[in-house]
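Engineer: quick one: sequence and predicted model below, then my questions.
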Amino acid sequence: MSTSKLPHTVKQYLELPLNEREKRVWFWPFKWYQEPYALELDQWDKFNKYTKKNYPVQHFLREEASMWLYILDHRLRDVKYTIKNYIINPRKELRAKTFPPRYQDLDAIIVAFCLECIVEYVDREKCFENIVWDSDEEHIQRARMIKEVYAYAKTGRKALLQEIEDTWTKFEYSKAKGITQYDAINIKEQEIADLDTKYCTWVVSNRDGLWT
């Protein structure tokens with residue numbers, strides 16, 4: 001069809017010479033109708049009525065049957081990925097880290113999930129391999145914060161918890177010192193609580209940017 005006189009209505013389309021509206025194709029015994037390129041939106045229903053009346057078999061194959069095949073293909077893909085994700089859960093490591101086989105209070109689960117989301121984003125979604133982070137200041141600052149949260153989630157928090165554990169291991173109760181000897185432990189526990197709140201808040205507030 002000549003691009004110099006593209007029809008915008010069905011009337012204009014039908015005014016074209018027949019050889020510009022039909023063509024021969026190797027897989028079809030009759031002339032194959034050519035769809036117009038630039039019909040106005042309200043003209044496509046009219047065009048479909050025209051092809052359905054004048055090319056009923058072609059119309060069925062090209063419009064209705066192809067749509068059924070598309071829907072079937074889409075549903076088969078859904079079934080495929082549902083089964084695949086059931087057998088090989090793409091978030092199985094995230095799930096295992098967040099829900100280990102032991103009892104946890106909800107506050108611990110919330111912290112574990114938020115921090116593990118960043119580990120998932122960095123280690124398994126490979127965000128620093130798949131995204132350009134130096135394109136602008138916003139990305140630079142986001143990358144810096146992701147690395148900070150990641151370091152805390154991977155090693156920082158464990159190190160702080162280990163310090164508390166070590167302190168308890170060496171702890172000997174002294175009546176003379178009273179409760180003041182717990183100060184170092186309380187300070188460290190509060191530090192962890194504050195960092196948990198800071199980083200979990202950041203993850204939730206920036207969740208719309210955590211995709212690759």
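Structural biologist: Alright, I've got the coordinates.

Engineer: low pLDDT regions in this protein?
Structural biologist: Where the chain drops to pLDDT under 70, the residues are 1-4, 172-181.

Engineer: one more time with 90
Structural biologist: Where the chain drops to pLDDT under 90, the residues are 1-7, 37-38, 63-70, 72-74, 76-90, 92, 166-185, 212.

Engineer: which parts of it are helices?
Structural biologist: With DSSP state H as the criterion, the chain has helices at 10-14, 18-21, 44-54, 56-59, 66-87, 92-98, 106-119, 127-130, 137-151, 157-170, 183-205.

Engineer: list the buried ones in the second one?
Structural biologist: So the one you mean is helix 18-21. Under the neighbour-count criterion of 16 or more other C-beta atoms under 10 Å, helix 18-21 has residue 21 buried. All C-beta atoms are positioned from the backbone trio N, CA, C, and that covers glycine.

Engineer: pull it out as CSV, backbone CA atoms only.
Structural biologist: Taking Å, rounded to 0.1, in the frame of the first residue of the first chain, the C-alpha atoms of helix 18-21 are listed here in CSV:
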residue,chain,number,x,y,z
LEU,A,18,-8.0,-3.3,-5.3
ASN,A,19,-4.3,-4.2,-5.8
GLU,A,20,-3.5,-1.9,-2.9
ARG,A,21,-6.0,-3.5,-0.7
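
Engineer: TSV for the helices of the chain, including distance to residue 29?
Structural biologist: Compiled in TSV, the helices of the chain are given as follows (distance: least, C-beta to C-beta, whole Å):
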stretch	distance to residue 29
helix 10-14	23
helix 18-21	17
helix 44-54	16
helix 56-59	10
helix 66-87	19
helix 92-98	54
helix 106-119	58
helix 127-130	49
helix 137-151	57
helix 157-170	72
helix 183-205	62
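
Engineer: please identify the most buried of those helices.
Structural biologist: Comparing the helices of the chain by mean neighbour count (mean count of other C-beta atoms under 10 Å), helix 106-119 comes out on top with a mean of 17.

Engineer: before we move on, back to that, nearest to residue 38, of the helices of the chain?
Structural biologist: Nearest of those to residue 38, taken as C-beta to C-beta: helix 10-14 at 10.0 Å.

Engineer: other SSEs contacting that closest one?
Structural biologist: On a contact count with 3 or more C-beta pairs under 8 Å, 6 or more residues apart in numbering; DSSP states H and E, helix 10-14 meets helix 44-54.

Engineer: contact partners of the helix it packs on?
Structural biologist: Residues outside helix 44-54 that contact it (C-beta atoms under 8 Å, 6 or more residues apart in numbering): 10, 13, 14, 33, 35, 36, 39, 58, 59, 63.

Engineer: then stretch 201-212?
Structural biologist: Residues from elsewhere that reach stretch 201-212, judged by C-beta under 8 Å, 6+ apart: 114-115, 117-118, 121, 125-127, 130-131, 142, 145, 149.

Engineer: and which of those residues is nearest residue 200?
Structural biologist: Nearest to residue 200 among these is residue 114, at 4.0 Å by C-beta to C-beta.

Engineer: now do the contacts for that closest one.
Structural biologist: Counting by C-beta under 8 Å, 6+ apart, residue 114 makes contact with 199, 200, 203, 204.

Engineer: mind listing what residue 89 touches?
Structural biologist: With contact set as C-beta under 8 Å, 6+ apart, residue 89 has these partners: residue 95.

Engineer: how close does it get to residue 194?
Structural biologist: Computed as C-beta to C-beta, to the nearest Å, the residue 89 to residue 194 distance reads 33 Å.
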